[in-house]
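J.: sequence plus predicted model, see below.
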Amino acid sequence: MFDISQIEQLEKIKTPFYYYDMNLLYRSVDLMAELSARYDIMVHYAIKANVDRRILSYISSKGIGADCVSGNEVKHAVSCGFDPSKIVYAGVGKTDDEIFESMEIGIGTFNCESLQEIYVLNEMGRTYGKTINISVRINPNIDAHTHRYVTTGLYENKFGISNHEFDSLIDLLHKCRNIRCTGLHFHIGSQITRVKDVFKLECQRVNEIVEEFERRGLQVNDIDLGGGLGVDYENPDDNDIPPFEEWFRTISENIRRKPGQTVHIEPGRCLVAQCGTLLTKVLFVKRGETKNFLILDAGMNDLIRPALYGAYHKIENLSAKERPYFPENQAYDIVGPVCESSDVWGAGRFLPLSVRGDLMAIRSAGAYGQVMASRYNMKDWAQTVYSDELEKAVLKKDYFENL
């Protein structure tokens with residue numbers, strides 16, 4: 001990913017910082033937009049994966065919609081060029097203020113995740129003299145074969161409505177006069193790598209549920225299959241663009257679509273993860289009795305995924321590329337500076353011999369990285385560098401202030 005000339009530029013920049021490969025982002029988004037048109041499947045980018053303004057502005061410029069999970073995400077999406085009518089607003093805990101503001105903005109639909117939410121939206125529509133578009137999130141009870149923290153489609157889950165509530169749901173929808181139920185929404189989990197098997201199963205189950213709801217008098221115009229396509233964290237260079245075409249083709253071949261029905265998907269991680277890298281430097285090399293430690297200046301405050309649920313990110317010593325004569329295959333526990341035992345990037349990782357000041361790359365950090373950062377231990381925010389501005393070595397102002 002990085003050549004020697006880039007490394008020389010990167011080593012001059014104060015670490016830690018996030019580096020975005022804009023060419024890779026453009027290729028990924030362009031392919032997604034092309035497949036959306038070819039297969040006639042509407043795409044809504046999941047804003048929560050990365051809220052960088054440059055990234056969002058490019059995604060919205062390709063006619064892609066937005067999937068939001070908070071009122072501030074809705075407002076941010078609109079400010080970055082997303083068409084309000086292409087915004088879907090999901091999330092289990094929308095406040096009254098968030099609902100009202102999004103209603104005033106004119107978003108496409110609210111994805112409702114409980115019976116009480118549907119009732120509240122109907123009452124707000126009645127109060128303000130509006131008819132509100134909603135889609136109902138259904139749990140299809142499918143195991144996405146992924147991490148338990150990112151599995152969302154099982155019956156017992158805080159997300160969505162399960163089959164034991166279907167009778168009450170249908171009854172409520174028939175009674176409400178200030179909502180318009182346009183369709184059904186599904187999402188079974190994230191970081192799904194068994195693309196054909198899992199998404200084929202999802203489509204088959206969705207077909208059954210749509211048929212059941214239509215048989216009971218609900219017109220289903222929109223079928224939203226959610227997102228979840230995974231990325232290759234172990235080999236980001238070999239698989240820098242996920243299998244988008246296999247995903248679209250699997251859906252197209254397995255979903256039953258009647259005339260007038262629109263199919264939607266909500267990719268997030270798969271569009272942006274591989275374009276982002278967290279750059280950090282070695283502060284100290286600590287020699288233990290049985291292991292050696294590399295202590296970096298980036299920590300769990302910058303990228304929380306490894307500490308939160310043991311997520312794997314490939315780690316490279318970029319400075320070692322400049323000195324191929326150094327010994328290779330040294331085992332290190334790579335850790336951060338935060339005062340928490342869980343602030344560990346990787347245990348027993350093999351790298352070339354590493355020394356203080358070496359520039360390290362923590363790969364596949366474009367999704368759920370900078371957007372989940374904090375100032376725990378009063379650490380500074382990691383700054384932002386874009387590949388097409390590297391020659392100027394320009395550090396952007398505070399990431400969150402620019403939102």
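T.: Here it is on my side, so go on. Numbering: from 1, shown residues only.
J.: contacting residues for Glu322?
T.: Counting by C-beta atoms under 8 Å, 6 or more residues apart in numbering, Glu322 makes contact with 4, 7. Heads up, the C-betas are built off the backbone N, CA and C, glycines and all.
J.: now the phi/psi pair for it, please.
T.: phi -90, psi -10 (degrees, to the nearest 10).
J.: what residues of stretch 316-332 count as buried?
T.: Of all the residues in stretch 316-332, those buried under the rule 16 or more other C-beta atoms under 10 Å are 316-320, 330, 332.
J.: isn't Arg180 up against Thr131?
T.: Yes. Arg180 is in contact with Thr131 according to C-beta atoms under 8 Å; the separation is 5.4 Å.
J.: and those two? Which one has more around it.
T.: The residue with more neighbours, out of Arg180 and Thr131, is Arg180; 16 against 13, by other C-beta atoms under 10 Å.
J.: same question for the strand or helix carrying that one, mean pLDDT?
T.: Assigned by DSSP states H and E, Arg180 falls within strand 179-185. Strand 179-185 carries an average pLDDT of 97.
J.: what angle do the very next helix or strand once past that strand and strand 179-185 make?
T.: Heading C-terminal from strand 179-185, the first helix or strand you meet, by DSSP H and E, is helix 195-215. If you take axes from the mean of the first three to the mean of the last three C-alpha atoms, to 10 degrees, helix 195-215 sits at 150 degrees to strand 179-185.
J.: what's helix 195-215 in contact with?
T.: Under C-beta under 8 Å, 6+ apart, the answer for helix 195-215 is 138, 140-142, 144-145, 153, 166, 170, 184, 186, 188, 192, 220, 223, 225, 228-229, 243, 246-247, 250-251, 254-256.
J.: contacting residues for Leu351?
T.: 294, 315-317, 320, 328, 330, 332.
J.: secondary structure for the residues you listed - can I get that in CSV?
T.: Listed next are the contacts of Leu351 as CSV, based on DSSP: H, G, I helix; E, B strand; the rest coil:
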residue, secondary structure
Leu294, strand
Ile315, strand
Glu316, strand
Asn317, strand
Ala320, helix
Glu328, coil
Gln330, strand
Tyr332, strand
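J.: return the distance of the nearest residue to Gly260 once chain neighbours are set aside relative to Thr262.
T.: Distances taken as C-beta to C-beta, 6 or more residues apart in numbering put Asn221 closest to Gly260, at 6.4 Å, once the chain neighbours are dropped. For Asn221, the distance to Thr262 equals 7 Å [C-beta to C-beta, to the nearest Å].
J.: shared neighbours of those two, which are they?
T.: Gly183.
J.: straight-line length of stretch 35-48, end to end?
T.: 22 Å (C-alpha to C-alpha, to the nearest Å).
J.: name the residues that touch it?
T.: Counting by C-beta under 8 Å, 6+ apart, residues outside stretch 35-48 touching it are 32-33, 56, 59, 63-69, 73, 76-77, 86-88, 227, 244-245, 248-249, 251-252, 262-269, 271, 368, 371.
J.: point out where the stretch 101-250 of the chain drops to low pLDDT.
T.: 143-158 (pLDDT under 70).
J.: helices of that one, residue ranges please.
T.: 115-128, 166-175, 195-215, 244-254 (DSSP state H, counting those that start in this stretch).
J.: re earlier: which residues touch the residue nearest to Gly260?
T.: 182-183, 260-262.
J.: now, which of these sits nearest Leu24?
T.: Thr262 (29.3 Å; C-beta to C-beta).
J.: which ones are touching the closest one?
T.: 42, 183, 221-223 are the contacts of Thr262 under C-beta under 8 Å, 6+ apart.
J.: now Glu117
T.: 92, 94.
J.: for it, give its distance to Thr95.
T.: 11 Å.
J.: and the longest strand along the chain, how far out from the chain's middle?
T.: The longest strand of the chain (DSSP state E) is strand 276-287. Relative to its parent chain, strand 276-287 has a centroid offset of 25 Å by C-alpha atoms, centre = their mean, to the nearest Å.
J.: what is the mean pLDDT for it?
T.: For strand 276-287, the per-residue pLDDT averages 97.
J.: so what strands line up beside that strand?
T.: strand 17-20 (antiparallel), strand 292-296 (antiparallel), strand 359-362 (antiparallel) (DSSP bridges).
J.: these: which one's closest to Arg375?
T.: strand 17-20 (15.2 Å).
J.: would you tell me what the next helix or strand after the closest one is?
T.: helix 22-39.
J.: before we move on, back to that, just the buried members of the contacts of Thr262?
T.: Using 16+ other C-beta under 10 Å, the buried ones in the contacts of Thr262 are 42, 183, 222-223.
J.: spatially, which two of those are the most separated?
T.: Within those (distances taken as C-beta to C-beta), the two that end up farthest apart are Met42 and Gly183, at 11.2 Å.
J.: contacts only, for Arg177.
T.: Per C-beta under 8 Å, 6+ apart, neighbours of Arg177: 122, 126.
J.: Val285: how many residues sit nearby?
T.: So Val285, with other C-beta under 10 Å, has 16 neighbours.
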